[in-house]
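Asks: Just need the structure, nothing else, for what follows:
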Amino acid sequence: AAIQGEPANVNGARRPNSVQLGSDNGEPRQNFEPRIVPYKPDPEVQKMAKKTVRARYISTELGIRERLFISILTSKNTLNTLAVAVNRTVGHRLDRVFYFTGMRSRKIPHGMSIVTHGDDRPIWNMYQTIKYILEHYISEHDWFYFVQDDTYTEADRIKNLVGHLSIDADLYMGHPEEFIGGDTEGRYCHSGFGFLLSRTLLLKLQPHLENCRNDIVSARPDEWLGRCIIDYASVSCADEHDGVYYRHFQLGKNSDPDKEEDIQFRNAFTIHPVLDPVQMYRLHKRFTEIELERTYQEIKMLQMEIKNISGLSIDQEQTVVWPIGVNPPFQPKTRFEVLRWDYFTEDQISSCIDGSPKCDLLGIDKADVVDIIETAMEELNKKYQPALHLKKQQLINGYRRFDPARGMEYTLDLQLEVVTQKGHTRSVNKRVHLLRPLSNVEIIPMPYVTEATRVHIILPLTAADRDHVDHFLDVYAANAFDTNENAVLTFLFIYDPFEAQQVNQNDIFSHVKAKITEFERKYPETKIPWISVKTEAPSQIKVMDIISKKHPVDTLFFVAGASSEVNTEFLNRCRMNTINNWQVYFPIHFQEYNPSVAYHSQQPPSTIDLVKDAGHFDRDVFDEACFYNSDYMAARTKMAADVQENEEILETLDIYDMFIKYSNLHVFRAVEPALLQKYRHKVCNPRLSEEIYHRCVQSNLEGLGSRSQLAMLLFEQEQGNST
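Replies: Got it, this is the predicted structure:
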């Protein structure tokens with residue numbers, strides 16, 4: 001109904017999706033309904049539009065550049081001497097270091113980025129160096145540092161210097177010198193003390209560099225560059241910018257770096273001139289000591305500040321954890337996370353690899369205990385001298401544990417002899433706590449490896465291994481043949497002289513060869529080659545010499561055992577852990593215990609379970625190995641001289657010992673959960689070395705069962721005898 005006195009709305013109710021407009025003369029306007037018009041791009045416009053190409057790295061797209069580029073100006077005469085010394089002192093501290101020389105000899109040092117210009121003239125070398133940087137690296141760095149090879153550079157201070165400078169500044173920074181003759185306003189930077197150029201300044205100089213080469217005449221390359229920068233960029237050399245100073249020190253002819261205590265020397269970024277590589281190394285040693293001393297002083301100051309500030313907290317000094325500045329101890333949330341303390345004395349330790357209650361303290365563990373006791377005595381004497389002098393009588397108790405949040409913690413109970421200044425002595429017991437903290441995690445660069453590499457599996461077989469081949473082939477076929485694994489299996493049949501004579505009448509490996517033929521028929525695309533060898537003592541090296549000659553140098557070998565269960569997971573680990581000319585891999589397989597011991601009066605499972613009651617990692621066996629043929633041949637070549645003097649070492653050493661003794665490769669030995677072996681009693685060959693024979697016997701003994709399982713069998717036997 002309409003309100004009395006007003007005209008009714010003839011349009012009635014408005015639709016929800018319509019828009020009603022008012023009217024200027026009182027008449028209602030028409031309602032409008034919105035509709036969606038789909039966007040249909042023009043095909044011609046799409047053809048003309050270019051596809052957006054994204055940069056490979058986000059830093060390129062965002063314009064993020066590296067901070068510093070180092071240019072070392074060297075020569076043919078000093079490239080193999082002073083330049084090498086520079087590389088050994090600063091090369092590992094700076095990311096991008098290039099060495100520029102006019103000419104060079106045929107023999108050049110390795111591991112250095114060297115650019116040769118083809119002309120020994122100093123000014124030409126400087127011109128070509130600037131031109132090379134503008135053509136190749138101007139877009140990748142913000143700052144460019146130039147220095148001669150007869151200058152020692154404190155790398156960290158140079159990096160810290162550019163970290164405090166604005167990248168937009170047209171800066172020419174170094175040690176200013178007056179121009180010869182005084183006809184040019186401004187000053188140039190002496191290249192002997194090094195100088196810094198900003199990227200923006202080099203870009204301004206780029207279009208005029210050719211004019212500088214043709215028009216400017218100078219006796220020195222650094223003076224020539226200084227004139228060029230002043231003439232075309234109007235920038236003079238400066239040793240200060242925004243409160244940041246470029247510090248240098250001129251070394252005297254008879255100066256001794258170890259005795260130099262001048263404050264300018266201690267604070268210098270560069271030292272010039274350096275006469276020979278020995279002096280360069282002495283300077284590096286001296287500045288390393290200075291930086292280490294300053295670091296220790298800074299640590300002490302920070303510890304004092306932490307202690308003072310903690311006194312203002314609610315808990316006051318209770319919040320400070322010893323040692324100050326190190327992470328607090330790990331706090332376990334359950335009893336399963338409690339860290340174990342290992343007990344040790346000066347001769348024995350309670351944590352043993354084989355699970356024994358105690359064993360001799362040897363190797364790195366022995367060195368660790370000796371070092372920590374010496375450190376404890378040094379710190380005690382620092383604390384109590386000169387009033388008291390302490391001497392160690394014996395270590396009563398020692399405890400250590402590894403805390404993943406802090407490092408290795410030690411608690412020592414020491415019996416000490418205390419000597420006073422008057423000569424009185426007394427024996428006291430003292431408990432000390434020490435911590436070897438974790439340092440910064442360092443990422444070690446490793447060569448690139450891939451899981452696509454083909455693995456050549458070598459399976460040496462003797463008469464004692466025949467009964468285990470069927471199981472090996474069944475497991476291998478399921479994991480490799482059925483899945484088209486990129487691997488080649490090669491059998492190596494090892495005959496002794498008597499067996500070799502009977503091969504035509506009674507071949508001991510006839511069953512194995514028949515099995516190979518059967519699998520080749522089952523898998524037509526697969527070929528399983530085999531090689532026969534006759535030898536009295538089947539040493540690994542003698543056998544591998546034959547295999548090595550039949551394969552290319554880039555072949556990746558895996559020497560397997562007849563009881564091994566080879567699968568894809570392990571083969572990939574073999575590929576990733578074996579690096580050509582870098583690392584060889586010796587996996588520690590998981591050995592199944594004797595089923596009659598481990599599963600006494602029970603039915604053993606069909607597969608091997610990776611649990612402690614089913615088996616153990618056999619550390620006494622070194623037979624399985626992954627390595628490249630080129631690495632084997634290189635180590636074998638180094639071994640040749642010793643073989644000529646004593647041929648018996650071919651039988652006394654195995655491949656593991658050969659790599660340890662005759663190569664510089666990293667020998668990586670680790671437990672391998674993917675490499676399993678069924679239980680078998682190995683036949684130990686007494687013709688091999690005593691050590692290899694002993695390891696074989698030890699492996700058989702430890703492979704019987706765990707200590708608890710063997711103890712239970714003895715207990716049951718004694719119970720049976722008693723009844």
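
Asks: and the gap between the residue nearest to the spatial centre of the chain and I579?
Replies: In the chain, the centroid-proximal residue (Cα atoms, centre = their mean) is I444; its distance is 1.9 Å. Separation of I444 from I579 (Cβ to Cβ, to the nearest Å): 12 Å. Heads up, the C-betas are built off the backbone N, CA and C, glycines and all.

Asks: now F195
Replies: For F195, the distance to I579 - Cβ to Cβ - is 42 Å.

Asks: Look at those two and report which has more neighbours.
Replies: Taking neighbours as other Cβ atoms under 10 Å, F195 and I579 compare with F195 leading, 26 against 20.

Asks: quick one, phi/psi of that one?
Replies: Dihedral angles of F195 (phi, psi; degrees, to the nearest 10) stand at phi -150, psi 160.

Asks: after the longest strand seen in the chain, next one along is what?
Replies: In the chain, taking DSSP state E as the definition, the longest strand is strand 388-403. Scanning forward in sequence from strand 388-403 by DSSP states H and E, the next helix or strand is strand 407-420.

Asks: tell me the angle that following strand makes with strand 388-403.
Replies: Between strand 407-420 and strand 388-403, the angle comes out at 170 degrees (axes from the mean of the first three to the mean of the last three Cα atoms, to 10 degrees).

Asks: Give me the helices and strands touching the helix or strand that strand 407-420 is followed by, please.
Replies: As assigned by DSSP H and E, the chain's next helix or strand after strand 407-420 is strand 425-437. Judged by 3 or more Cβ pairs under 8 Å, 6 or more residues apart in numbering; DSSP states H and E, the packing partners of strand 425-437 are helix 363-384, strand 407-420.

Asks: Return the most buried member of those.
Replies: Comparing the helices and strands packed on strand 425-437 by mean neighbour count (mean count of other Cβ atoms under 10 Å), strand 407-420 comes out on top with a mean of 16.

Asks: before we move on, the earlier item: and the longest strand of the chain, which residues are buried?
Replies: L388, L390, K392, L395, G398, R400, R401, D403 (16 or more other Cβ atoms under 10 Å).

Asks: Out of the helices and strands packed on strand 425-437, which is closest to D242?
Replies: Among these, strand 407-420 comes nearest to D242, with 40.8 Å by Cβ to Cβ.

Asks: Would you mind pulling the contact partners of the closest one?
Replies: 326, 329, 341, 368, 372-373, 376, 380, 387-403, 425-438 (Cβ atoms under 8 Å, 6 or more residues apart in numbering).

Asks: Could you pick out the longest helix of the chain?
Replies: helix 277-310 (DSSP state H).

Asks: counting contacts, what elements does the host helix or strand of G720 pack onto?
Replies: Using DSSP H and E, the element containing G720 is helix 707-722. In terms of contacts (3+ Cβ pairs under 8 Å, 6+ apart), helix 707-722 is packed against helix 595-598.

Asks: after the helix it packs on, next one along is what?
Replies: As the chain continues past helix 595-598, the following element, by DSSP H and E, is strand 615-617.

Asks: Please state the offset of that following strand from the chain centre?
Replies: Averaging C-alpha positions (Cα atoms, centre = their mean, to the nearest Å) puts strand 615-617 29 Å from its chain's average.

Asks: same check, this time on stretch 311-329
Replies: 34 Å.

Asks: With only the CA atoms kept, save that stretch in CSV.
Replies: Provided in CSV are the C-alpha atoms of stretch 311-329 (Å, rounded to 0.1, in the frame of the first residue of the first chain):
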residue,chain,number,x,y,z
GLY,A,311,72.6,-9.6,36.4
LEU,A,312,69.7,-7.3,35.5
SER,A,313,67.4,-10.1,34.6
ILE,A,314,64.7,-11.6,36.9
ASP,A,315,66.8,-14.7,37.6
GLN,A,316,70.0,-12.7,37.6
GLU,A,317,73.1,-14.7,36.9
GLN,A,318,71.2,-18.0,37.0
THR,A,319,70.3,-17.4,33.3
VAL,A,320,74.0,-17.5,32.3
VAL,A,321,75.0,-20.9,31.1
TRP,A,322,78.7,-22.0,31.3
PRO,A,323,80.6,-21.3,29.1
ILE,A,324,79.2,-17.9,28.5
GLY,A,325,78.1,-17.4,24.9
VAL,A,326,77.6,-21.2,24.1
ASN,A,327,74.3,-22.8,23.6
PRO,A,328,72.7,-24.3,26.8
PRO,A,329,72.8,-28.1,27.2
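
Asks: Can you list the buried residues in that stretch?
Replies: Buried-residue list, stretch 311-329, by 16+ other Cβ under 10 Å: V320, V326.

Asks: Mean confidence (pLDDT) on that stretch, please.
Replies: The pLDDT scores in stretch 311-329 average 75.

Asks: neighbours around Q148, how many?
Replies: Neighbours of Q148 using other Cβ under 10 Å come to 25.

Asks: next one: the one 5 residues further on
Replies: Residues contacting T153 under the criterion other Cβ under 10 Å number 28.

Asks: shouldn't it be in contact with V90?
Replies: Yes: when contacts are counted by Cβ atoms under 8 Å, T153 is listed as touching V90 (5.4 Å).

Asks: And stretch 612-619, how far out from the chain middle?
Replies: 30 Å.

Asks: tell me which residues of the longest helix of the chain are tucked away?
Replies: P277, Q279, M280, Y281, R282, L283, H284, R286, F287, S310.
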